[in-house]
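Visitor: Sequence first, predicted model second:
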Amino acid sequence: MTMVIVGACPDGDGDGSDRDPSGRLGLAGFRWGCAGDGDLGCSVRGAFPHAVAVGSRYEVRAVPTERTPDEISIAQVQLSAAIRAGVSGSGGLQAVDAGEVTLMALGFEGELVDYTTIEQREVQRFELRDAEDEVFPPSCSDGSSCADAVWDEPPPPPEFVVGSSTRVRAEPIAASDERLMGDLHYEWDVTPEAVATLGGDRSGNQVDVQVHSTGRFEIRVTAGGISQVFSYGATSAGPRRRRSTPGDTGGETDGSGTESDTDTDGTGTDGSGTTGGDTEGLATSTGGGM
Amino acid sequence: MSARRRWQSLVVVALVVGCAPDYDGVSVRKRYGEADAQASRTGISLRHGDVMVFELRPQAEGDPITEVAMDVWIESSDYDIAVVRPSILTNAWAVNGVHVGTTEMLVEVDGELRESIPVEVEPEVTP
């Protein structure tokens, strides 16, 4: 039996769920871990049991509930079979194909404590959200540049203000409109860079949009085999729909270079770092015996 | 073995049997699992990738043995097809279908192999 113990994210107070997190037997709770910078599970609260993006690496851990007998400790979470998912080489599980997978919470002697099922789904589209979890309305969603279609229409309300730096987060969405957990490798691009540039690690699901001059610009997000373009405007003043990052008004305005201001409002970090302090019930393996 | 020693062995066996509960098979029933999963004394079936929790109790003359504790242990004869493990529920075990195929569930009662129950792991239902 192959077994991989992986690190865990802090079990913060927001780690609970607005849906029943319990397993089928009601004897354990299942929670998302934080598999990396591209994992929505790191920043979305109350997520379980939403679905997982195909192609992503994800982590699930099991915790005791008030119904778990005191003498029982949960040692690991294990796949019931190597079907649609496997053990990732870097720890956690790898979502290979769409469909349902079954996860078992096992005790230290291999006994079944509880089990649950999750859905793995293909990424259909993305949503961009700001730090306040509001959606940036996309101007096009067919994955191609839609500049002509957009700019022939009356310009959309300005979304960004010159000099601002705004953190945005991409959320992969399934055809069922479910938000998808799991760590995807992201690629971000913005054009033209004279109007806006992107700061931060572009391989994760969050970037800082830094606006340098008035005009229109497009942000392209690519992950999970899907590429989608979002079109926005930038204005130097006037009403705006989006709040700039507090304390970040000194950005460049000449459109040159790539500014990399640090998010200062406390929303930038997503808890994606591993702490190693909580490994309770967090492990992955497939099949296996007693 | 001489005739005398063979007789002595039979006496020992008779004494042991006389002290043990009057084992008369096991009862098996499904407790949790998908709708099409089945569990009985004559066989276990479930889908590839599914988990089923079933209850197994030794019986004495058709009744579950509840007053006398009997040690029960269950092993799959092929872990590549199905894995059987204890659950934390009383008298309950869990089986998960690892690969499509057939195998057996070997039931030991008080250290003695008593039952060999067929296990069939069926292909998953294609949506």
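Guide: Happy to help now that I have it. Numbering: from 1, shown residues only, chains lettered A, B, ... in the order given.
Visitor: I'd guessed residue A:121 sits against residue A:56; true?
Guide: No: under the criterion of Cβ atoms under 8 Å, residue A:121 makes no contact with residue A:56, lying 10.3 Å away. From N, CA and C alone the C-beta is placed, and that goes for glycine too.
Visitor: what touches both of these two?
Guide: Common neighbours of residue A:121 and residue A:56 (criterion: Cβ atoms under 8 Å, 6 or more residues apart in numbering or on different chains): residue A:180.
Visitor: measure residue A:126 to residue A:217 for me?
Guide: From residue A:126 across to residue A:217, the span is 17 Å (Cβ to Cβ, to the nearest Å).
Visitor: go on, residue A:119?
Guide: Distance from residue A:119 to residue A:217, counting by Cβ to Cβ: 35 Å.
Visitor: now residue A:176
Guide: Using Cβ to Cβ, we find residue A:176 at a distance of 31 Å from residue A:217.
Visitor: Of these two, which one has the most company?
Guide: residue A:217 (24 against 10; other Cβ atoms under 10 Å in any protein chain shown).
Visitor: any residues touching the host helix or strand of that one, and which ones?
Guide: For residue A:217, the host element (DSSP states H and E) is strand A:215-223. Strand A:215-223 is contacted by residues A:38, A:123, A:126, A:128, A:145, A:147, A:150-151, A:155, A:168, A:170, A:172, A:184-192, A:194-196, A:198, A:205, A:209, A:211, A:227-234 when judged by Cβ under 8 Å, 6+ apart.
Visitor: Any regions of the stretch 51-200 of chain A where pLDDT drops low?
Guide: Low-confidence segments of the stretch 51-200 of chain A (pLDDT under 70): A:136-158.
Visitor: quick one on the thing from earlier: from the contacts of strand A:215-223, keep the buried residues only.
Guide: Buried members of these, scored by 16 or more other Cβ atoms under 10 Å in any protein chain shown, are A:38, A:123, A:126, A:128, A:147, A:150, A:168, A:170, A:172, A:184-186, A:188, A:190, A:195-196, A:198, A:205, A:209, A:211, A:228-234.
Visitor: Among these, which lie within strands?
Guide: Counting by DSSP state E, the part of the buried ones among the contacts of strand A:215-223 found in strands is A:126, A:128, A:168, A:170, A:172, A:188, A:190, A:196, A:198, A:209, A:211, A:228-234.
Visitor: pretty sure residue A:201 is touching residue A:167, no?
Guide: No: Residue A:201 lies out of contact with residue A:167 (Cβ under 8 Å); the separation is 11.8 Å.
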